[in-house]
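Participant: Here's my sequence, what's the structure:
(one chain, ligands or ions: 2)
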Amino acid sequence: MTCRFRTMRKPDIRCPACRWRPGAEARWTCLPACGTVWNTFSTGGRCPGCGARWHRTQCLACGVVSPHRDWYRDPDSAGGTTGRRELVTAR
Ligand SMILES: [Zn+2]
Ligand SMILES: [Zn+2]
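Facilitator: Residues are numbered from 1 along each chain as shown. Ligands and ions are numbered 1, 2, ... in the order given. Purely as a prediction, here's the structure:
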């Protein structure tokens with residue numbers, strides 16, 4: 001008997017704008033296409049009703065529309081520094 005123990009590593013999903021984390025109960029609506037209501041992060045941005053791929057996801061908390069990929073924060077890439085650097089030059 002093989003015991004397959006998969007490491008269920010959940011990606012950290014957060015709104016890039018306000019850092020709101022959508023829970024399992026969060027729902028999005030496929031509009032103006034088919035009107036299906038589902039959790040877009042359970043399907044990777046794909047509508048289960050019409051199969052449309054949503055590349056952008058609106059935050060239910062702050063309303064900002066961000067690219068779907070930007071919501072995923074890969075825990076592996078969190079090696080200390082985030083890719084974004086703010087450079088302030090004073091003149
Ligand atoms: Zn749809
Ligand atoms: Zn937000």
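Participant: nearest residue to the residue sitting nearest the centre point of the chain other than its sequence neighbours?
Facilitator: Nearest residue to the geometric centre of the chain (C-alpha atoms, centre = their mean): W71, 3.2 Å. Using C-beta to C-beta, 6 or more residues apart in numbering and skipping the chain neighbours, the partner closest in space to W71 is I13 (5.2 Å). Every C-beta, even on glycine, is put in place using the N, C-alpha and C of the backbone.
Participant: Could you count how many residues lie near that neighbour?
Facilitator: 16 (other C-beta atoms under 10 Å).
Participant: Who does it form a beta bridge with?
Facilitator: Listed beta-bridge partners, I13: Y72 (assigned using DSSP bridges).
Participant: swap in W28?
Facilitator: For W28, the beta-bridge partners are W38 (DSSP bridges).
Participant: Check the gap between C47 and R19 for me.
Facilitator: Distance, C47 to R19, by C-beta to C-beta, to the nearest Å: 25 Å.
Participant: returning to that earlier point: so what pLDDT did the residue nearest to the centre of the chain get?
Facilitator: Note on W71: pLDDT of 97.
Participant: Next one: it from F41, what distance?
Facilitator: W71 is 7 Å from F41, by C-beta to C-beta.
Participant: Could you pull out the residues contacting both of these two?
Facilitator: Counting by C-beta atoms under 8 Å, 6 or more residues apart in numbering, the residues touching both W71 and F41 are 13, 57.
Participant: Helix, strand or coil: sort out R69 for me.
Facilitator: helix (DSSP: H, G, I helix; E, B strand; the rest coil).
Participant: what residues are up against the closest residue to Q58 other than its chain neighbours?
Facilitator: Spatially, and ignoring its direct neighbours in sequence, Q58 is nearest to V65 (4.6 Å; C-beta to C-beta, 6+ apart). With contacts defined as C-beta under 8 Å, 6+ apart, V65 is in contact with 56-59.
Participant: any idea how far V65 lies from ligand 2?
Facilitator: Remark: distance between V65 and ligand 2 (C-beta to the ion, to the nearest Å) = 10 Å.
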